[in-house]
Each structure stands twice: as structure tokens, then as C-alpha cells.
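Engineer: Got a sequence here, can you build the structure:
(6 chains)
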Protein chains: 6
Amino acid sequence: MMRFDVVTFGETMLRLSPDGFQTLEQAETYQVRCAGTESNVAVGLARLGLRVAWFSRLVDNPLGRKVAASLRGHGVDVSHVIWTGQGRIGIAFMEIGVPPRPSEVVYDRAGSVFSQMQESDVDWSLFAQARHLHVTGITPALGPSCSACVSRAVRRARESGATLSFDVNYRRKLWKPEAAAATLGPLMAGVDVLFLTSEDAAELFGIRGEPETAVRLTAERYRSRWTVLTLGAQGAAALAGDQFALQPGYPTNVVDRIGAGDAFVAGFLFGYFQGELRRALQLGLAMAAIKMTTPGDLTYTTLRQVEELIAGVTPSVRR
Amino acid sequence: MMRFDVVTFGETMLRLSPDGFQTLEQAETYQVRCAGTESNVAVGLARLGLRVAWFSRLVDNPLGRKVAASLRGHGVDVSHVIWTGQGRIGIAFMEIGVPPRPSEVVYDRAGSVFSQMQESDVDWSLFAQARHLHVTGITPALGPSCSACVSRAVRRARESGATLSFDVNYRRKLWKPEAAAATLGPLMAGVDVLFLTSEDAAELFGIRGEPETAVRLTAERYRSRWTVLTLGAQGAAALAGDQFALQPGYPTNVVDRIGAGDAFVAGFLFGYFQGELRRALQLGLAMAAIKMTTPGDLTYTTLRQVEELIAGVTPSVRR
Amino acid sequence: MMRFDVVTFGETMLRLSPDGFQTLEQAETYQVRCAGTESNVAVGLARLGLRVAWFSRLVDNPLGRKVAASLRGHGVDVSHVIWTGQGRIGIAFMEIGVPPRPSEVVYDRAGSVFSQMQESDVDWSLFAQARHLHVTGITPALGPSCSACVSRAVRRARESGATLSFDVNYRRKLWKPEAAAATLGPLMAGVDVLFLTSEDAAELFGIRGEPETAVRLTAERYRSRWTVLTLGAQGAAALAGDQFALQPGYPTNVVDRIGAGDAFVAGFLFGYFQGELRRALQLGLAMAAIKMTTPGDLTYTTLRQVEELIAGVTPSVRR
Amino acid sequence: MMRFDVVTFGETMLRLSPDGFQTLEQAETYQVRCAGTESNVAVGLARLGLRVAWFSRLVDNPLGRKVAASLRGHGVDVSHVIWTGQGRIGIAFMEIGVPPRPSEVVYDRAGSVFSQMQESDVDWSLFAQARHLHVTGITPALGPSCSACVSRAVRRARESGATLSFDVNYRRKLWKPEAAAATLGPLMAGVDVLFLTSEDAAELFGIRGEPETAVRLTAERYRSRWTVLTLGAQGAAALAGDQFALQPGYPTNVVDRIGAGDAFVAGFLFGYFQGELRRALQLGLAMAAIKMTTPGDLTYTTLRQVEELIAGVTPSVRR
Amino acid sequence: MMRFDVVTFGETMLRLSPDGFQTLEQAETYQVRCAGTESNVAVGLARLGLRVAWFSRLVDNPLGRKVAASLRGHGVDVSHVIWTGQGRIGIAFMEIGVPPRPSEVVYDRAGSVFSQMQESDVDWSLFAQARHLHVTGITPALGPSCSACVSRAVRRARESGATLSFDVNYRRKLWKPEAAAATLGPLMAGVDVLFLTSEDAAELFGIRGEPETAVRLTAERYRSRWTVLTLGAQGAAALAGDQFALQPGYPTNVVDRIGAGDAFVAGFLFGYFQGELRRALQLGLAMAAIKMTTPGDLTYTTLRQVEELIAGVTPSVRR
Amino acid sequence: MMRFDVVTFGETMLRLSPDGFQTLEQAETYQVRCAGTESNVAVGLARLGLRVAWFSRLVDNPLGRKVAASLRGHGVDVSHVIWTGQGRIGIAFMEIGVPPRPSEVVYDRAGSVFSQMQESDVDWSLFAQARHLHVTGITPALGPSCSACVSRAVRRARESGATLSFDVNYRRKLWKPEAAAATLGPLMAGVDVLFLTSEDAAELFGIRGEPETAVRLTAERYRSRWTVLTLGAQGAAALAGDQFALQPGYPTNVVDRIGAGDAFVAGFLFGYFQGELRRALQLGLAMAAIKMTTPGDLTYTTLRQVEELIAGVTPSVRR
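Structural biologist: Predicted structure coming up:
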């Protein structure tokens, strides 16, 4: 009895960000949204039509309820979330810059109720209800108990026959490259779909070179079935078995680039479930390009809009 | 006794649109403005200094009054508008996208009081008070009685010696190309100024090829005195008698492209009234370029600003 | 197998309203929310902790999706909603006044996809999954097919053993008192919980007098098991079998009174399910009082906040 | 040939005010509206259905155009306004307080193009086109040339048979009571309708006592045909020939009280034109009460709304 | 060499609050301000014209800089603040309610850089530069090291001959009444000015009864030179030596009551420095009343506005 | 005893500007900030860590206090500002355009309290407390008494051994090129750092040609020790003694270009104080590039952000 096409598992923070390209210091109001790589992916997949659950731990106060309402609004099942009476939700203050000013994230997530989750808090049976589990390298960065939970979720999902995807998602403000590499290596080993950026490949794992070389090296070392290397503005490369594909990104006017990587993952996984490598890359890159045209971490696109971008039939005005 | 330099006639809707490049689904507030190709043209012409009346049908509720107030604020005479006690105003929900996400119009105009206008509702004497009448291909798309009203307005204006301009303005969400071509052809025949886009020329009338070819073909077929083919980012081409001119557009940073075509028409007509083809193209393209730098369908420019753009003396900051 | 504690069934509109006590004509932005008496009740019940589904018909465009997302965010199940590819969503333009200026609703709901729902569109099995069905007198006002659907839903729910509540909710802008009385009478007959305002009792059914008199008359005539008469600022009266109770309202500073009646219904029903008449009135009036302190049709309260108001232990600041 | 029912003449400023009850020092945004007692009256009268022109002097820049557009939007004729190429528009920074914090106006109107108007700038023929002229005691406060223009407008209107109303409108920040009394006395003499507040009556003219006493004293001294004394929250008193009437105000929740006096004048004059004293008071007080429920100097009401308030049939929600 | 009239010492948080009476869960934007009882008092005193320094510990990121900029903008010296490179600023999510919905503070201040301050971090010489030191019962609630710092600041200030004020400011969400009473008692002993609310007097110290009785009991027990008991809407009572005074509050329309107590303290201390008991109460209550008419913790008033309220000469509009 | 690293002296206006690229005529709200070249420079320098005072004259009303609070918030000392009880603050209405629509400043500064400053108002001793004085060509444009004050400030600073920088800053809307050249020449002579744009060099002083030629000509003619010629998008050129350097600008996405020149001056001066010509250009251009990415005249950057841009290590997102 598979209730969910995909389960994702990770922390979601309140995202507070100025609008109109103001700095955090300058703005008198902050937009209130939510942000978390795993829930971002969940929203992307739900909008493409899949049954998706997000597992996490939230505090039962107006802020925790706000996060749950936002994700539920997009159609993500949040009924397995663990609610706590005490504690705090993590916060990400995000300043959206335009070049040459970087977008800047001031994390305030230490001590969040998610980061304090223990294995014993969890009803692990959820992970037996999914066809696919998606986790990332951020959760293990939040501490040993989080790391243990990820490992257990992965084990449990595999035991139930679920496939598994892993996004490295290295965050410099959370830990050092060496620590990340040491912790993440075992989790990456043998996953069905492995995502990493070319910068992370180089900095954490010393994997450099042309995309094809890098992606083959990665796949060999981690025995991932499908392996995806994202290349920023250059697009993305992927290897499925022996089939390699390189796809350039879609030109885009950036309104807010944060969340684009997660939109890519959602689009790619949607293609992966259909078993088509090239299409997976196109779906991922189209999702990412459209995400960057709207503010906030979450995508508001539809499969139809994504298909039109891939087909190259997007007008400038539709009326 | 000509009271108006120009009369325009058509439907104006309430325009509801998110700001900050949010999607319609995402936004918690919508900007409230008005939108209607004929009233957009009226506003453009009034801002350039002409006496302009807009004829239409509105419901006497806060929304209808809001539309009238907006146009009147720009100096357009709305005293001939027919007010009804019942019914609804058409609404256009407009999502302003940046590439590769299209701007998207969700029309909610069916059953509007304008679309239900009957010939017998109208005091046709207004059309004897104008030197020039401007109508478009949108009104006939709204149904047989609207179509009949446009035809009668055109006849009446001609009988009084007014000149006539017609903008094809094909809207895919309103009708099929074949129906549009069949209905609009007779209305286009013999007008003093005919506007169409190169896409509409191709899709509705099968007129393709280089701008000069296409515009000559169009003029021949519809016996229009002046014929204008707009070419998107490439500018516009026009034919007046045997004089042909092609003018590139002015480079512009797009804030909101909707209404640019109507600003073009207003600028071009202003030049047409002066009898100068090249200048008409320049005025039209400058009006369009400036319109795209501000939000909303309506232009807020002045003749002086337009002239400076044409003269190439616009500074980046004037202080 | 009862999946839902309560099912509600009715139309939900996009609610567009100015803020800061501006008029609809004056405001340049409208707040975008959703409004519908049955979904308002559903949200209230879901926030109090019940499993609630809302059944309706929506158009699959950004506006329909926005309404669904809003309700789903509050925890209401919307998975049984019928989605249509074409058509429009009803709109309610709401101007929030302060005395002596009335709050004013400009309805633009004619021709909505909900109002065009046919019995054959519906999978009626949903109504066999509910312990309780809540419907109102607005749906029958939308036309014969809507009226037929309400009747059928009621029959189906009863056949499955569900209890039934009915809120008269007379809307002067939708129909005449006589037509309303004629249509609603049969639907009211024998319901488990009947809600009506003292104004509607008088205007539609000629039932006047002291609250106790009026509520007894109503209960006799319509054979309702529980009967609730709301008295505006005076509170509410109710009769359960032979037990009568009159409860004054909680003093409140009104920010937006719209939706207060629906919050009352949600609170009362919550008490009804517990079988306590006095408490039902208190819960209803507390829900209404708190709702009026926030903008929008929907309540954002929690059971704890409601209980504290009833217990009289609400501080002015909690810190 | 009377083109206008009423002509008003005076300065209109840009009104800049914080919202949400912030102070001027605190707010990061100001609402931009316009403010001027005579144009406020003009808007009120136009909304009640009269043909109204406003005469003034504006600078031809975006700010002057904004003021003209706002008034024109309400249906006031601004075609006689004198436009200047140079100079500045007066500004009123308005802080909207709630008790015990006063609303505070920081005037920045010195040197405005209006205050520098000369008699020779004016085409005085406008004043021969009005049935009625309304002026106030603010214009003479702006300097000798403004004072001369008011006198001449009054003379000219009288010569054409127009009736005349005068509102004392003493502004402490503009001049001293003695100077005001000396200048305004001659202008008040013999007007058809004289408006003053009980505070101004006392402070400028030493007229105190019960409303009836005060209004009779005023009428005697200034030989005004109709004389109106406003009493703040107590309502207003008026004398027409020998008929005296005292009318209490309508209870109101104040959102922004500025402009209420002008709304009163508009309503009263509307009744005056109908020749009914009691109704004039009711119309004035109802207009004032409704104005106070919306932000900004200008009223957005309709005759219907005003009539309903007078008739006492205003619901709390109309739907 | 006394550089400062007053030094205050305590934590200041980022204050995030919805506007328009929305709930925290509902709002899509939060206003960003700062909040801290000691800095609120500092701002109040600086606006009244005193030289004031605020001592605290902040993180050197955009949020910490924002807090410092806000206080510095009001004229408070922040040059002695300790800046840290790491860590987080405390956050107070504040929901502004209207009755019967309480204003609600969701504290997220655990682990803030202030709460982790050690005695060894501080250059205690600042406290030798003040004529007066103001501290509150919140700082000791943040932990033993904070408590130790307060004690040392108090000692140091006394050694330099500074006078001392202490505001009990009990926060239920931070600690239990018994713990508070035990910790605060020693700090309250012998202060020059002691502030407490009648609720805190009862709940922490078991001091109840008529204001005069309660304030005398308090003064006796804690040997405070001046003792002030605030009574909510009833005003405040104070005892200076043997002189007792009771002063009712000024009627006020509440926009945001948070910070009113701190405005009271600032006003009272200003009067205390002048040695006038009655005037101190008036100044405190007037400051509090005016603060409640503006949003945010900080007051924006001026001494002139306060004096006018006390003198009873505040108009409803000043123009 | 040098209390300040830099003193700047000039007028600061209230800056009122629409957001979202609206025109001044169109917008219903204006952002309220402050604008003044000398205070802009002061803020830039203070943010880089220097002790900076700004000298000016302000009116003691909410608007003057707002300006002072804004600058003080950035750490600029405003304690020497002269406060007047009467008069007005200058206003700059700023419309932020995108090409081809220019940003447009509508000045409303005539008669401001600054422009009416007399030498006798000033306590000139401030200028003996600075290591460096920065003035610009705008102040002399405001009238003879302002011009005299600048001259005296310059003399006084030199007598105390301060170095001196002068920014030509020609404003076409304030005076003619010939008048500017005649007045500014003597002030420019012999300054330590002279800033001018290539347009001003050409238009005022007839200095044209390649950057190196132009800057050498300028330096020769005005005997400036360091001479800086800004070249718009091309960057800037500078000469220090015989050392010449030309530095291209950093590519930037422009959000609001106003204030970029002042940010450049601040950055350059910071480098000048370190005695490094190339670094001064880099610091200036980096400051300018970053300023253009945020709205408002004032920069919100930090030295670290500037250094990273120069070092070329700015990521697109830092997290």
C-alpha cells in the first residue's frame, strides 16, 4: 500500500526577506514565506501532480502553523509532521541581491525543534508508505541526531523497496567541507539519483574537469544509478547507466534565484520517474528557470507552463 | 461643430494584477487599474494634447465609477458613456511575467454590460461630433450585437466626414482566427489607418514575408490609406500611399509590456494627424517604449518626454 | 467508514477588498482572499480540530487554485472538489465600512462554474462518508440545478445516517424574501440544527417577538431538533428539545465583521457535537467575537483562545 | 448660459500622510492625495450630481498634473485652471492621530504658484458662467494678491447674478485672529450662505453663547441670508431668514476627520439649492459623518448612501 | 565627568509584527522594528531631551546593525554596545490584537548574544559615567550571567554616586513568579525609584489592596525612595518619602499598547529628575497615552506634545 | 583634538519617490527617505568605519527630525546641525526610471532653511575639529549666503590644517554652466581631492578629450593634489601628483542609480586617506556599483562587501 509517490524529509524555516531589492538592514517590512530544500522539492513535485508527503518537526505556534499551512496549500501532505509544544522554528533572513551584490542568507536556525529531533520521536512507518524518498546533505549538517535520523529513514525506505534520491546541497555557513565530505559520502553511496553542483563536487570531493568527466567520476565513486551535476548558468549534465546527457539552461530574467536548485530537483525527479534522461534534464532546467522569475523559495508553476517552455512555444503575453 | 479630435469606442475592464512579479495564485494583493485597448489609445492621445472622447457602457457601481474616474483623470471625456443599473464589468486578471515566464491574462469578461450593448441603447449622434474614430477588432469578438454597433459607429462617423482607424488586435482567447478574419475583413476595408501585427497578418490573413511586402499586400487587399505593420522588438513598418518607411524600436527595459501596442497607436495617430509618416512611426515607437517602463496599461508620458526620446537627448537622470 | 466529521457544500468566491477602510472606488489595491459561508464554516471547524471536507466546483486556473490552496492551508480536505477547464469563479468585492458607513458587498457571481453545477457532475458517494453535513440557504439561491444538488446532498447524507445542519443565510442581493421562504422551507424541515438570524426569521418567515418565543415558533414550524436564533450584538438564543438558552455576545472591537456568522456556526456545531447547548452558544459567540478582530472571512483562532475567552481569562497582552 | 451649477476657487495642495496611524517622523511611506477646502467642496458637490468647476493655479509638473487628475476623476471641471511652467505646488503633510494625539498638519505652502496668483493672470469670465460661487477664508490668508482675487471673483459672480457662499475656515497656522477678522468681515457681508464654526465665531468675532443666539448674532452682523454654525460633535445650527434649526450629528467611527467640514458644506449647499433648511443640515451632517469613515480629504460617497443615513436605514453589511 | 544623564542596560530584540490587526499566522508581511524595555525607556528619555546611553550586546550582522541604527536614530548613544561576530539576536514576534483577542508575543530569544553575556565581556567604566542607571527585572530572567551583570552594573553605578531605578517587569513566559520574586527582591532593595504593576505586586510579592496601601507596603518592604505602582487603565500611584499621589490615566484610543509601560517609565523619570511627584505621574501617564496611539514599541512624541496633553489643550486637528 | 575624521557640509532634502518604477504622477504612495550629496558621502564614510560629522541647518519639525534620525542611524554625528523653529525643509521628488525613461528629479528646495543660512548662524569652531572637510558645488548654487558659508568653512578648515575635497556636482536645474564655472573655480583651486564628471568638465570648464588628457588639464588648471574624473559606465580616472590611473567600473544591475556618485566619493576618499590611488578608484567604483543595487540615495554596504567585490570573490548567493 503505497500512499505517497514521494516522501521528503528535512527542516523548513520561516523565510523573512525584504522586497524591492532592499537590504535586510534597510527594510521596514519583511515578506514572510517558508524555505527548506526538501519541502521546496515536495512543493515542486506536488504541483506537477504527484502525491507527496513532507516529514519534519514543527513547533505548535503561529509560526509553525504558518509553515504547515503554506505547504499544505500547495497540496503537500503534512499529516506526519511531529508537533512540539515548546521550542523554536528555524529562521532564514534572506536578502535578495542583484549583481554585483550577492543574495545573502542570515541563518538563525540553531536550536530549532527540527535540529533537536531524536530517532525515538519518529514513527518510522511513514517511510514504508513511499515509492521514493528524497533527502539532502543539509539535514546531517544539523547535528548527530539529525544525521542518525536521515540514515534511518534511508534504511527504512530501502527496506520497503523505495527508490532514493540525495542532493548534496553543501552549505558553507553550516559546516566545513571536510566534515561534510566525511559525513555525506556514506549517505550518497548507491543512491538511485544523486544531485550535486559542480562547485560542491570540486570543493567537497575533489572532482573537477569537464562535466562528462566529473559526472562519470562521481557515479563511479558513489555507485549512484543516475547522477546529476548542475552547472549554474551552463545548465546540467547527467549520467544514467552509461547514457550521458548535457543540457543548457533556459535563458531567464532572475527575480529571485533562491529555490531554483530545488525546482530543478523536482523537475528532474518527475522525469526520472518516467525513465527519460534527456527529458528529466529539460524538466529540471525548465522548472528552475521558471522558479527564478517569481519571488520566494517555492515554485508556482504548472506542468503545462513547463512543457511549453521545453517546447519553445512560450509567448511574451498570453491573451 | 467638431467637439472631439478623436472618439474611441470599446470595452474597458477592471485590471487586477499582482506586483513584484508574483503570480496570480501567489499574490495576496492585486493592483487595481483599468484596461481596454480603445481607452488606452484615448488616454495616450489625450496626454499628447488632443480632445478625446471614449464611448462605452459601464455599470453604475463602485467598479464602473472607478474605471470612469481613471480615464477622466487623464483628460478623456467620458460623458457619453452609457450607465446601467445592473450587471457586471469585465475583469482582466493580469500576471506580469519576465522571460521565460509569459505575462498571462485571465479574462473574466463574459456577460459584461458592454458585451450586452444593443444598437438601440446608443445615442449615435456622438459619432457625428468627431474628426476621427478609432475602433478595434476586439469589440466585434464580443458578439453579434457588439459587432453591429461597431459597424454602425463606423458608418455614422464616415457619413459625418470623420476619418477612421482600425486596429486588428486579434485575441486568441476570444475567438478563432478564421472567425476573426471573416468578421474583421469588411471592417478593415477602406479605413484611413489600419494597424496590425505581423503575427496577426500571417495567422488571420495569410500575409507573410518581408515587412515591405507584407504591408503592401495588406494595403492592396484592404485598400487602407495608411497601413501599419508592427514587428515586435524589430519596430514597425508603414505605408502611406506609395511611401514606405521602416523604423526600428527604441531599446527599452521592460517593466510591463501590456498597453505598449496601444501607446504605439496613440503616438502613430498623433503623427498621422500631422501627415508625417516617418514621424508617426517614431512617435508610435517612442510612446510604446516609454509605456513599457511603467506598470499598468495606461501611459503616463508627456509629449516632451516622447520628443526627447526621438531626438536622442534623454539623460539617465535629469536633475 | 466515516472519513469526515463534517462535510460542507457550497460556493466559494474570490474576495477582493480594500484595506485601511478605503472604499472600493478609492483603493488602488485589493486584498485577495476567499469567501464562502460553507467553506468559512469548514475552516472554523477544521481549526477546532475536526476532520472536515468541503465540496464544491472550481475552475482550474490560478484563481481557482488560489481558493483551494487557501482552504487546504487551513486543513480542510478539498480533494472532492470538481475542477472544470472552462468558466469563471464567482467574485465578491467587499468594502469594509465603519459605522455609519455599511460594509458593502458587490457580488459578481453570476455564471460561475459553481452556479452551473449539475447533479450529474457529482460523485455523490462523498456524502456517505460524513457524520454531519452542513448546507446553507445561499446555494439554492443560485438556481434550480444548485437547489437540486443541495436537496440531493441532504437526502444522501441522511440515508447514510449523517446529521444535518442548515443555515438560512438570506441574501437580499440574490433573491426576494418570498422566493427564499418558498424554496428554503422544505430544506429546513426536520434538520438537526437550524440557524437563522432574527431579521431573517421576521422577514422571510414572519416570525417575530422575544427570542424565546421566536425560537420556539421556529422549532415548532420546522421541527428542527436544535434551533438557533442569532441576535446580532445581543448574542444568540437556542432551543434543544425543550431546553432554552440565551447567551449575550462577547464585547468586541470590530475590525471586519464579515464571516462572524460563519464562525458562530462553526463554534456552535463544535458544541453541538459535544451535546452541550450552553457551551455551544458560548463557543459560537466566542468564535464570532474573535473572528471580528481579524480581517478576512476566515477565522485564524485556536480552541485554546476560544476557551480562554469563554473562561474570561484573556489578558490584554500575553507575554 | 450657465455652464456650472457651482464654481469654487482656492488652493489645492498635495497631501502627504502616513497610514496606520504612524507619525510623520516614523513612517517610511506617505500616501499621496490632494487637499484643499474649495476643491474638497467641489468634489462633494460633483458626487451629488451637480456640474462643478474648480478654479485655481497649478504648476505643470507631475505633481500639479496629479492634483488635476484626482479632481477631474471625481467629475470636477478643471479646464479653467491656470497652468504655470515654473514654481511649486503647496504641500500639506498630514499626520492622522487618534485621541489624545491630535491630527497634525505641517503646512509647506509658502511661495506656491497659487499664492503668487495676480488678478491679471485670471480670465474672469469664468465667474459669469456659474449659478453659485463658493469661496473661503483661507485664500485671503495667503496674501494681498490672493485676497484681491477673491474679492474680484465675488464681485464678478454677483454681477452675473450668481449666489455666493463663504466658509470662514480660520487656520491658526496661517494668520492671527485679528488679521483674519479684519480681512474676512467685508467678504462675509451679505453672502447668501455663511459657514463658520462655533470656535471661529468666538475667537475671531467674539460671538459666543447658545447656538441659536450665536447664529442670530452672526446673521445680523453680517447680513447673511442663510447662516450656518457648526458645533463639532454636537452637530450644526442654521438660520434661514427667521427659521432656525438645530440638528445633531450622526454618530461615526472616525477614520480620518480631515475634510469632514468640507463634506458638510457640500451637503448643506446641495440642500440649500433645494431650499430646505432642515434637509440641508441633514445632508451636510450625513456627508460629514460618512467622509470621516474613509481616509483622505475627499469624499467617496453617493447621494443614495447619504439618503439612507438620513433615513436611518443603513445596515451594518449590505449583501 | 558625567557624560550621560541616564544609562540603561538590557536586551533589545528584533520585533516582527503584522499590521492591520492580522494574526501572525495570517500575515504575509511583518513590520520590522525593535523592542526592549530598557531601550524603549532610553528612547523615551532621549526624545524628552536627556543624554542617554544604552548598554547591551549585539551581533554584528544586518539585524544587529538595524537595531543599533533605530536607537541611534532616536538620539540614544549606542557606542558602548558590545558587538560579537557570531550568534543571534533575540526576536519577538508580536501580534497586535484588539479586544477580546489579546496581543500576543511569541518570544524567540533563547540563546541570544545578549543572554550569553559574561561579566568579563563588559567594560564596566561606562557605569561610572552616568548620573542615573535604569535596569529591569527582565535581564535577570535571562540567566545567571545576565543576573550577575545587572548586579554588578548596579553596584558600579552606586559607587559612582548614580541614582538607580528598577522596573520589575515580570514576564510570565520567561520565569515563574517564585523564582522572579526570589531573584528580584535583592535588586529592588533600596533603589531610588521602583516601578511595578499592581498585578506584579500581587502575584510576585503578595502585595494587594488599595493603591495607597499597596504602594506604602512596597516602599516599606523594599526601602525604595520613590515607589510607583501602575494600575492599568486606572492610572498610577506613587509615593515619595511620605508624599502619596494617585493620578488617573489619560483616555486614549489604543493603536498598539506595547511599549506604553516603558513610555510611562521614561516620562516619570523625567519628572523624578525635576523632583516633582505629581508632575512625574502626569508625564508618565501622558507619555504612555500618546505611545498607545502609534504602532511600535518606541514613542515618537515630543515634550511639547506631552505638555499639551497634561495641560488639556490638545485639539483634534492642529492646523 | 581632532574629533572627526571627516566633516561634510551641505543641504539634505526629504526624498519622496514612487516604488515599482511608477511615475510621480501615477503613484499613490511615495517612499520617504533623505537625499543630499554631502550627507550621502557622510553616510558612506561612516559605514566604512570613519568618524564623520555632517553640518547643516534643519527645521525642528517631524520632517527635519526624520532626516536627522536617518543620518544618525547610520552613525553620522549630527550634533552640530543648526535647528530652526520656523521654515521648511527642501524636498526632492524623485522618479526612478528605467531606460529609455530617465530618472527625474522635481526639486522643491527654494526657500529651505538651509538655503537661508547666514554666516552669523554658524559656530565655525566645528571646522577646526576635522581632519578633512568635504564640500560640493551644490551649496554655492543655493545663493550668495550659502556660497559665503562654503568659502568660510573651507578657509577655517584649512587654517586648522584639515585637508579638503570638493565635488563639482553641477545641477542643471539649479544654475547655468557659466555661473557655476565662475563661482566654483575659486573654490576648486588647490583642493586636496577634486571630483568632477567628464560631462561637467566639458560643459562647465571646456575640458575634453581622453581621460588622461582631461584629468591632467584639470589638475593643472586647478592645482588639485588628487584629481578624479568619473566616466559613467566607463569607470573613473584619477591623477595623484604624476601618477595616473584608469579603472573600469564594476558591472551592475541598476535598481536606483541616484547616490552612486556620492558612494564613489566616499569610497575614493577612504582610499585617499590610505594614500593608495588605485585602491581609491577601486573602492569608489565598488561602492558606486553596490549602491546602485539598492533603492534610495544612501548606501547600506559594509567594507567587507566592498572588499569582496574588488577581490572578485562575490558569490551569487551566500549561504
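
Engineer: For chain D, see how far away residue A:51 is.
Structural biologist: 39 Å (Cβ to the nearest Cβ, to the nearest Å). Placement of C-beta: from N, CA and C, glycine included.

Engineer: Report the mean confidence score over the helix or strand containing residue A:150.
Structural biologist: Using DSSP states H and E, residue A:150 maps to helix A:144-159. Mean per-residue pLDDT for helix A:144-159: 95.

Engineer: Let me know the next secondary structure element after it.
Structural biologist: Next element after helix A:144-159 (DSSP H and E): strand A:163-167.

Engineer: Quick check: which element contains the closest residue to residue A:262 other than its chain neighbours?
Structural biologist: Distance criterion Cβ to Cβ, 6 or more residues apart in numbering or on different chains; nearest residue to residue A:262, sequence neighbours excluded, is residue A:40 at 3.5 Å. Element membership for residue A:40, per DSSP H and E: helix A:37-47.

Engineer: what's that helix in contact with?
Structural biologist: Identification of contacts with helix A:37-47 by Cβ atoms under 8 Å, 6 or more residues apart in numbering or on different chains yields A:5-6, A:8-12, A:52-54, A:56, A:71, A:74-76, A:134-136, A:138-139, A:167, A:169, A:259, A:261-263, A:265-267, A:269-270, A:287, A:291, A:297-303.

Engineer: Could I get the pLDDT score of residue A:37?
Structural biologist: Per-residue pLDDT puts residue A:37 at 98.

Engineer: how near is it to residue A:297?
Structural biologist: Distance from residue A:37 to residue A:297, counting by Cβ to Cβ, to the nearest Å: 9 Å.

Engineer: Residue A:198 too?
Structural biologist: 22 Å.

Engineer: Between these two, which is the more surrounded one?
Structural biologist: Using other Cβ atoms under 10 Å in any protein chain shown as the criterion, residue A:198 and residue A:297 rank with residue A:297 on top: 25 against 20.

Engineer: so what's the more buried one up against?
Structural biologist: A:15, A:33-36, A:40, A:258-259, A:262.

Engineer: Quick one: the helices in the stretch 201-319 of chain A, in order.
Structural biologist: A:211-222, A:260-274, A:277-291, A:303-311 (DSSP state H, counting those that start in this stretch).

Engineer: By proximity to chain C, which residue of the stretch 151-300 of chain A wins?
Structural biologist: Closest residue of the stretch 151-300 of chain A to chain C, Cβ to the nearest Cβ: residue A:300 (8.2 Å).

Engineer: Show the backbone phi and psi for that residue.
Structural biologist: Note on residue A:300: its backbone torsions stand at phi -120, psi 20 [degrees, to the nearest 10].

Engineer: Would you check that it makes contact with residue B:27?
Structural biologist: No. Contact criterion Cβ atoms under 8 Å: residue A:300 and residue B:27 do not qualify, at 9.7 Å.

Engineer: Look at the two and report which has more neighbours.
Structural biologist: Legend: neighbour count by other Cβ under 10 Å for residue A:300 and residue B:27, higher for residue A:300 (26 against 23).

Engineer: Can you tell me, leaving aside adjacent residues, what's nearest to that one?
Structural biologist: residue B:23 is the one closest to residue A:300 (Cβ to Cβ, 6+ apart), at 4.3 Å.

Engineer: and that neighbour, that's in a helix?
Structural biologist: No. Counting by DSSP: H, G, I helix; E, B strand; the rest coil, residue B:23 falls outside a helix, being coil.

Engineer: Next one: it from chain D, what distance?
Structural biologist: Distance from residue B:23 to chain D, counting by Cβ to the nearest Cβ: 25 Å.

Engineer: That residue: neighbouring residues, count only.
Structural biologist: Residue B:23 has 25 nearby residues by other Cβ under 10 Å.
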